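# Provide a 3D model corresponding to the input given below.
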Amino acid sequence: MIGGGSVIWITGLSGAGKSTVAQAVVARLREQGDTVISLDGDELREVFGATAITGENHGGEARLTLAKRYSALSRVLSAQGHTVVVATISLFREVHEWNRGNIPNYFEVFLRVPIDELRRRDPKGLYSRFEAGELENVAGLDLKVEEPESPNWLVDFDPGKTALSIASELVDRAKKEKII
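Here you go, the predicted model:
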């Protein structure tokens, strides 16, 4: 690792494959002997007491507050020499800009998947519950998101790419850019 720790920030809408790609990245890095900390948005919600699906926990302001906490935690851990892999929606330009300005060795990945594909996948049932009128504050539907303006790597949906192939390419890119 060059220059201490690093942060690989994987973002995208619910169902885009963030957690799956992050798990594969973490596994590959650990196989190579790296010390890696994995931070997943769903797990972090639990840590920060925001798991109940309410406007208070899932509205725009609450999501921004949580994203800022994820950023601060990532910075602290990476400053201690760890590689931190974060999988989170956190689609706020303010957060991405802060990360770029405050986290050395920051590598941002945006998994851009069409909404129709996300609805088809719907691993948490969020999109179907929204369509049934049972759920509000779904990022990308009734909750505005801000796609990253300049991610280090934009991964557009390709049905031929697996999470493992994306993770492998991500690690290769991060190494080439001397992030890890």
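
# Sketch out the low-pLDDT regions of this structure for me.
Scanning the chain for pLDDT under 70 picks out the ranges 1-3, 49-59.

# at 50 instead, please
In the predicted model of the chain, residues 1-3, 52, 54-57 satisfy pLDDT under 50.

# so where do the helices sit in the chain?
With helices called from DSSP state H, the chain shows them at 18-31, 41-47, 55-58, 60-79, 93-102, 115-121, 126-131, 163-176.

# Just send those helices back as JSON lines, with distance to I10 and mean neighbour count too.
To be clear about C-beta, it is placed using only N, CA and C from the backbone, and glycine gets the same treatment. What follows is the helices of the chain, written out as JSON lines (distance: least, Cβ to Cβ, whole Å; neighbours: other Cβ atoms under 10 Å):
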{"stretch": "helix 18-31", "distance to I10": "5", "mean neighbour count": "20"}
{"stretch": "helix 41-47", "distance to I10": "10", "mean neighbour count": "16"}
{"stretch": "helix 55-58", "distance to I10": "20", "mean neighbour count": "15"}
{"stretch": "helix 60-79", "distance to I10": "12", "mean neighbour count": "18"}
{"stretch": "helix 93-102", "distance to I10": "12", "mean neighbour count": "16"}
{"stretch": "helix 115-121", "distance to I10": "15", "mean neighbour count": "14"}
{"stretch": "helix 126-131", "distance to I10": "18", "mean neighbour count": "18"}
{"stretch": "helix 163-176", "distance to I10": "8", "mean neighbour count": "17"}
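
# looking at those, which is closest to N152?
Evaluated over the helices of the chain, closeness to N152 peaks at helix 163-176, with 7.4 Å, by Cβ to Cβ.

# Give the other helices and strands that the closest one contacts.
Contact here means 3 or more Cβ pairs under 8 Å, 6 or more residues apart in numbering; DSSP states H and E; on that basis helix 163-176 packs against strand 6-11, helix 18-31, strand 106-112, strand 153-156.

# Quick one: closest of the helices of the chain to V85.
Shortest distance between V85 and the helices of the chain, using Cβ to Cβ, is found for helix 18-31: 5.0 Å.

# about what we covered before: quick one, which of the helices of the chain gets closest to N137.
Comparing these by their distance to N137 (Cβ to Cβ), the top pick is helix 55-58, with 4.2 Å.
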